[in-house]
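K.L.:
Build the 3D model from these lines:
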Amino acid sequence: CHSVLRTRGQRRALTQPKRSSRPPGPTRPITALGSHVIAILAMLRTPASLRRLSLAVSTKSFDPQAGLASVGTGALLRSATVMSALRLPGGTAIAQSTLQAATTSSVAASLVGAAAEGRFVGGATLDDAKRTAAALAENGIATIVDHGVEEADDVQLELARKRQLVAAADGLAVPIKPTAVADGAMLRALADLIQQAPEPDAARLDGELVTQLSEEHQKSFEDAVEGLVRLARDAEAAGGALLLDAEMTDLQPAVDRLFLSALEAWAADSEKAFATYAHRPARPGPPLYNTYQCYLSGSEARLALDAAAAKDLGVAFGAKLVRGAYVAEARAAGRLRGSKAETDAAYDAAVASLLEAAAAGDDVYAFLCTHNAASCEKALSKADALHLERGDDRLKFAQILGLCDGLTRSLAAAGCRAHKLVLFGETRDLAPWIARRISENADALGAPAAEAPALWRELARRVVG
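P.N.:
Numbers count the residues shown, from 1 in each chain. Model prediction:
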């Protein structure tokens, strides 16, 4: 554990930024085109009821589209229409402007809320989300649950809310934004120090860099580590897991350092260590996962360095693999890979490296958060070749509620650890989150553009018989 964690200096009260108050202002008018889109979305609302899987999928074969057969025709038609509309020229822009209107217009918020329920959103409250989770569980699908608010202005307030969510989630996995436990200014200062090092990727592993921060930022970092460890312990006690989200490219090195410091702090606690979960089969993996964005150049090196660091500490390593969530920002920083094909190859290589390490006996756990069916199929083929059982805690999959539902059902029917991300909350709070995911969906690095054609093919199959 680095020196900042070993020696606590003079405590200095942090000045928390005040939550900005947004003036109510006039309600934004909804354009005729926006009204038309909202009406269509409301019409396409997914039913609350979920069908039980009736697939007979061999444990040695996997068809990523087989799960579509268990999706009701009405729900399938609604999803196909929505995804096709987003692919039309200007479709994403119209959807985003409508979602923006929902943050200020109660009319737009109510209509978008009705349309989003069952797609992204499980309801307004945690109890609503739990009911959605229970329905998913009947089909062998686990749930990641979150209160979908994009920004955190008050770290202490957001940390308290997240602890309440973890405690009330009944063992469901919970994502957490780094800014819910750490001050943004401190993260930026630490990230700058790491980036100035001759080898920034390796510098992330140097806990002593934290001592070069100001006294206030050192104290803030120490508090952030303690808060993250406390949350992970809460998740462990509940039988769940904490998924540390990625941040913007310029802040991510500091987030990685925060994750590694949490591992160090836990490893130093002999009574409550992350331990070796490979010898505790009842545990569904480690209680803390860090996110690795494979669309960033050098992601494979950072993944390998962190896995090796966890192994040296004698603790379990949890890696949540995504393609990426901040495409425009990463492109501007010059960190984006050259093509989608490069990103796909990097993602599949990262999965393979983790599975090979797990098969070799390392305490490594992979959480594949992807809507890419080809990557899921390759991961299963690799696991089969390595003789890792389907349903092994070391390999999990996740998709967003309402996106690629056929893929999720296929994974569950094949005996895999399949998950859905289910949000809850007020529409005006959820709208920015949904808008960003729609933006990702329109980008080549987002959810696969092939989803809509696959839905239409399944509908055509039913019509033709």
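K.L.:
Could you look up the SS state of the nearest residue to residue 246 once chain neighbours are set aside?
P.N.:
Residue nearest to residue 246 in three dimensions, not counting chain neighbours: residue 291, with 4.1 Å by CB to CB, 6 or more residues apart in numbering. All C-beta spots, glycine's among them, are computed from the backbone N, C-alpha and C. For residue 291, the secondary-structure state derived from DSSP: H, G, I helix; E, B strand; the rest coil is strand.
K.L.:
Next, count neighbours for residue 291.
P.N.:
Here the neighbour count serves as a burial measure; for residue 291 (other CB atoms under 10 Å) it reads 24.
K.L.:
can you list the weak-confidence ranges in this structure?
P.N.:
Under the criterion pLDDT under 70, the flagged ranges of the chain are 1-61, 114-115, 117, 149-153, 270-284, 438-450, 465.
K.L.:
C-alpha coordinates for the longest helix along it, PDB please?
P.N.:
For the chain, the helix with the greatest residue count under DSSP state H is helix 215-238. In PDB, the C-alpha atoms belonging to helix 215-238 read as follows (Å, rounded to 0.1, in the frame of the first residue of the first chain):
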ATOM      1  CA  GLU A 215      -1.800  18.300   0.500                       C
ATOM      2  CA  GLU A 216      -5.500  18.800  -0.200                       C
ATOM      3  CA  HIS A 217      -5.400  16.600  -3.200                       C
ATOM      4  CA  GLN A 218      -3.500  13.900  -1.300                       C
ATOM      5  CA  LYS A 219      -6.200  14.000   1.300                       C
ATOM      6  CA  SER A 220      -8.900  13.800  -1.400                       C
ATOM      7  CA  PHE A 221      -7.200  10.800  -3.000                       C
ATOM      8  CA  GLU A 222      -7.000   9.000   0.300                       C
ATOM      9  CA  ASP A 223     -10.700   9.600   1.000                       C
ATOM     10  CA  ALA A 224     -11.600   8.400  -2.500                       C
ATOM     11  CA  VAL A 225      -9.700   5.100  -1.900                       C
ATOM     12  CA  GLU A 226     -11.300   4.600   1.400                       C
ATOM     13  CA  GLY A 227     -14.800   5.300  -0.100                       C
ATOM     14  CA  LEU A 228     -14.200   2.900  -3.000                       C
ATOM     15  CA  VAL A 229     -13.000   0.100  -0.600                       C
ATOM     16  CA  ARG A 230     -15.900   0.700   1.700                       C
ATOM     17  CA  LEU A 231     -18.300   0.400  -1.200                       C
ATOM     18  CA  ALA A 232     -16.600  -2.800  -2.500                       C
ATOM     19  CA  ARG A 233     -16.900  -4.300   1.000                       C
ATOM     20  CA  ASP A 234     -20.600  -3.400   1.000                       C
ATOM     21  CA  ALA A 235     -21.000  -5.100  -2.300                       C
ATOM     22  CA  GLU A 236     -19.100  -8.200  -1.200                       C
ATOM     23  CA  ALA A 237     -21.200  -8.400   2.000                       C
ATOM     24  CA  ALA A 238     -24.400  -8.300  -0.200                       C
END
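K.L.:
starting at the chain centroid, how far to that helix?
P.N.:
When C-alpha coordinates are averaged (CA atoms, centre = their mean, to the nearest Å), helix 215-238 and its chain have centres 20 Å apart.
K.L.:
Helix or strand next in line after that helix, which one?
P.N.:
strand 242-244 (DSSP states H and E).
K.L.:
residue boundaries of the strands in the stretch 251-400 of the chain?
P.N.:
Assigned by DSSP state E, counting those that start in this stretch, the strands in the stretch 251-400 of the chain fall at 288-293, 317-322, 364-369, 395-400.
K.L.:
Could you list every helix and strand that the second one packs against?
P.N.:
Strand 317-322 is packed against strand 288-293, helix 299-313, helix 340-359, strand 364-369, with contacts defined by 3 or more CB pairs under 8 Å, 6 or more residues apart in numbering; DSSP states H and E.
K.L.:
Reformat the ones you listed as a markdown table; add distance to residue 423.
P.N.:
Formatted as a markdown table, the entries for those read as follows, by distance: least, CB to CB, whole Å:
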| stretch | distance to residue 423 |
| --- | --- |
| strand 288-293 | 17 |
| helix 299-313 | 26 |
| helix 340-359 | 24 |
| strand 364-369 | 14 |
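K.L.:
To residue 239, which of the ones you listed lies closest?
P.N.:
Put simply, out of the helices and strands packed on strand 317-322 the one that sits nearest residue 239 is strand 288-293, at 13.9 Å, with distance taken as CB to CB.
K.L.:
chain center to the closest one, what's the gap?
P.N.:
Using CA atoms, centre = their mean, the distance between the centre of strand 288-293 and that of its chain works out at 9 Å.
K.L.:
Who does that strand pair with, and is each partner parallel or antiparallel?
P.N.:
Sheet pairing for strand 288-293, assigned by DSSP bridges, gives strand 242-244 (parallel), strand 317-322 (parallel).
K.L.:
Tell me what angle the longest helix of the chain forms with strand 288-293.
P.N.:
What separates the directions of helix 215-238 and strand 288-293 is an angle of 110 degrees, with axes from the mean of the first three to the mean of the last three CA atoms, to 10 degrees.
K.L.:
let's have the chain start at 168 instead
P.N.:
With the count now opening at 168, the last piece we talked about shows up as helix 382-405.
K.L.:
circling back: and the strands of the stretch 418-567 of the chain as JSON lines, adding distance to residue 501?
P.N.:
Putting these into JSON lines (distance: least, CB to CB, whole Å) gives the following:
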{"stretch": "strand 455-460", "distance to residue 501": "15"}
{"stretch": "strand 484-489", "distance to residue 501": "20"}
{"stretch": "strand 531-536", "distance to residue 501": "25"}
{"stretch": "strand 562-567", "distance to residue 501": "29"}
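K.L.:
who wins for proximity to residue 414 among these?
P.N.:
Residue 414 lies closest, by CB to CB, to one member of the strands of the stretch 418-567 of the chain: strand 455-460, at 8.7 Å.
K.L.:
Quick check: buried residues in the closest one?
P.N.:
Buried positions in strand 455-460, judged by neighbour count with 16 or more other CB atoms under 10 Å: 455, 456, 457, 458, 459, 460.
K.L.:
Alpha carbons only: can I get that strand in PDB?
P.N.:
As requested, C-alpha coordinates have been extracted for strand 455-460 and formatted as PDB (Å, rounded to 0.1, in the frame of the first residue of the first chain):
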ATOM      1  CA  LEU A 455     -14.600  -4.700  -7.700                       C
ATOM      2  CA  TYR A 456     -14.000  -4.500 -11.500                       C
ATOM      3  CA  ASN A 457     -12.100  -1.800 -13.400                       C
ATOM      4  CA  THR A 458     -13.100  -0.800 -16.900                       C
ATOM      5  CA  TYR A 459     -10.800  -1.100 -19.900                       C
ATOM      6  CA  GLN A 460     -11.700   0.600 -23.100                       C
END
